[in-house]
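Participant: only geometry, no sequence info:
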């Protein structure tokens, strides 16, 4: 048997030596896009790449030279609205603080940090962005992604969930380069037959909440959520493989979210409850959460415990019990309950706990450098429950939080031997940060607060993003200072 398997073993070793990526990371079998438009366009007159005008509804303006000088170190930051700096703009995003930190660390180098944060962009939309920017001579790519995976509707109709034996087989095949070779041959045959992806998405994001009343589209769908999480894993591996195949270092960031001050966006009672049980649950929730209630904290917690015995997945009950437990000094239990509340949110605008674990495991298995921003926030706050003032809303860090992320990225770059810290660099960094903040007008921060108000309406299904983006573009091109 060993002699018979020896040719296969030699083939696998040979494929690994060639550097051919393993598994199916270079192909998405489930979704494609109606068209792909470049994020950056070349201005021949000034010899710079600029964010294409047709992409500026979702991306902030950015530019970088066509010709990269020998002393330039070029970084691209990819992700969603957190990368862009929302509810503010790139001047206070971690990409800007990273650039200032690198300039303070090594003033003799030319540091370019390009912000490629797209509003509502999920991991599958980052893949073509990465494929594009890999042609622009990057020295480093930073990926901050995970919170936007559930925004767009995808059916995954072509997926049949395998049993445990099938899952084991898939996990084994995903590590074999022979499987990659076979799959690429199969895909080549399909493409030669004008095959199309299982589902085609529009060129730009079309989120459910972009339509007024879009919150009503969300209902409990465990199977769909499992497919989304599996797709997220695939896309993270694809991003890593693409950068690795191009020989470009990549840093993953484990995103942070607010647990304390952001209740679940939608809750539903278990559909299997009887009419009497449903009525009982509704009464228990009303009694426990009613304003002006004369009940003690212990009594309210007991009512919620009774409700959760009948319906363990009711998100707002888990959240309220978690907040009460935190006030009662039960930090560990409060953290557990608030995480469960986030994971049972019918409208999941924050990563599930298992997705954080998947991201860390993928980074560990592939040897990809990881900045664990979530753990970093917990360490800074000395609490497992992250909230205000470190977070502005459910997923967007405060200005100081963005500075923390930039600092952790610098530390990781030092570990990767990409930058060396010169004497006195931290004092220079703080001075540059103060100058950056002083250069921003009151209008800049006022607009950020207005965007925050619009975002909160959007998360409640009360305002379409299309209208918000139109108004925002009008303001940005009105000539007012940023």
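Facilitator: Looks like it came in fine. What you see is a predicted model, and the numbers here were worked out from it, not measured in a lab.
Participant: how near is the closest residue in space to residue 224 that isn't next to it in sequence to residue 225?
Facilitator: In this structure, residue 224 finds its nearest non-sequential neighbour in residue 156, 6.8 Å apart by CB to CB, 6 or more residues apart in numbering. For every residue, glycine as well, the C-beta is placed using N, CA and C. As defined by CB to CB, to the nearest Å, residue 156 lies at a distance of 10 Å from residue 225.
Participant: Over to residue 390?
Facilitator: 27 Å.
Participant: Neighbour count: those two, which is higher?
Facilitator: Using other CB atoms under 10 Å, the more surrounded residue of residue 390 and residue 225 is residue 390, with 19 against 16.
Participant: What sits closest to the more buried one if chain neighbours are left out?
Facilitator: Using CB to CB, 6+ apart, the closest residue to residue 390 is residue 401 (5.1 Å).
Participant: what's near enough to touch the one you found?
Facilitator: 256, 377, 390-391 (CB atoms under 8 Å, 6 or more residues apart in numbering).
Participant: Am I right that it sits in a helix?
Facilitator: Yes: Residue 401 forms part of a helix when assessed by DSSP: H, G, I helix; E, B strand; the rest coil.
Participant: From the centroid of the protein, which residue is nearest?
Facilitator: Residue closest to the mean C-alpha point of the chain, counted by CA atoms, centre = their mean, is residue 145 at 2.3 Å.
Participant: wait, residue 368 sits on residue 249?
Facilitator: No: in this structure, residue 368 is not within contact of residue 249 by CB atoms under 8 Å, at 9.2 Å.
Participant: was I right about residue 394 contacting residue 255?
Facilitator: No: Residue 394 lies out of contact with residue 255 (CB under 8 Å); the separation is 11.2 Å.
Participant: more crowded one of these two?
Facilitator: Using other CB under 10 Å, the more surrounded residue of residue 394 and residue 255 is residue 255, with 25 against 22.
Participant: gap between that one and residue 332?
Facilitator: 23 Å.
Participant: Show me where the stretch 51-200 of the chain dips below the pLDDT cut-off.
Facilitator: 157-198 (pLDDT under 70).
Participant: Do a quick rundown of the helices in it.
Facilitator: 81-84, 94-105, 123-133, 164-173, 177-192 (DSSP state H, counting those that start in this stretch).
Participant: coming back round to it: quick one: the residue nearest to residue 224 and residue 205, what's the gap?
Facilitator: Taking CB to CB, one finds residue 156 at 18 Å from residue 205.
Participant: In contact with the closest residue to residue 436 other than its chain neighbours: list those residues for me.
Facilitator: Closest residue to residue 436 apart from its sequence neighbours, by CB to CB, 6+ apart: residue 100 at 6.2 Å. Residues near residue 100 by CB under 8 Å, 6+ apart: 406, 429, 432-433, 436.
Participant: moving C-terminal of the longest helix along the chain, what's the next helix or strand?
Facilitator: For the chain, the helix with the greatest residue count under DSSP state H is helix 222-246. Next along the chain after helix 222-246, taking DSSP states H and E as the criterion, comes strand 250-254.
Participant: Pull out the buried residues from that following strand.
Facilitator: 250-254 (16 or more other CB atoms under 10 Å).
Participant: so which of those comes closest to residue 218?
Facilitator: residue 254 (25.0 Å; CB to CB).
Participant: Which pLDDT value does the model give that closest one?
Facilitator: Residue 254 is assigned a pLDDT of 98 by the prediction.
Participant: my read: it touches residue 377, true?
Facilitator: No: using CB under 8 Å, residue 254 is not in contact with residue 377; the gap is 10.2 Å.
Participant: mind listing the helices for the stretch 201-350 of the chain?
Facilitator: According to DSSP H, counting those that start in this stretch, the helices that the stretch 201-350 of the chain contains are 222-246, 275-289, 297-310, 315-327, 331-343.
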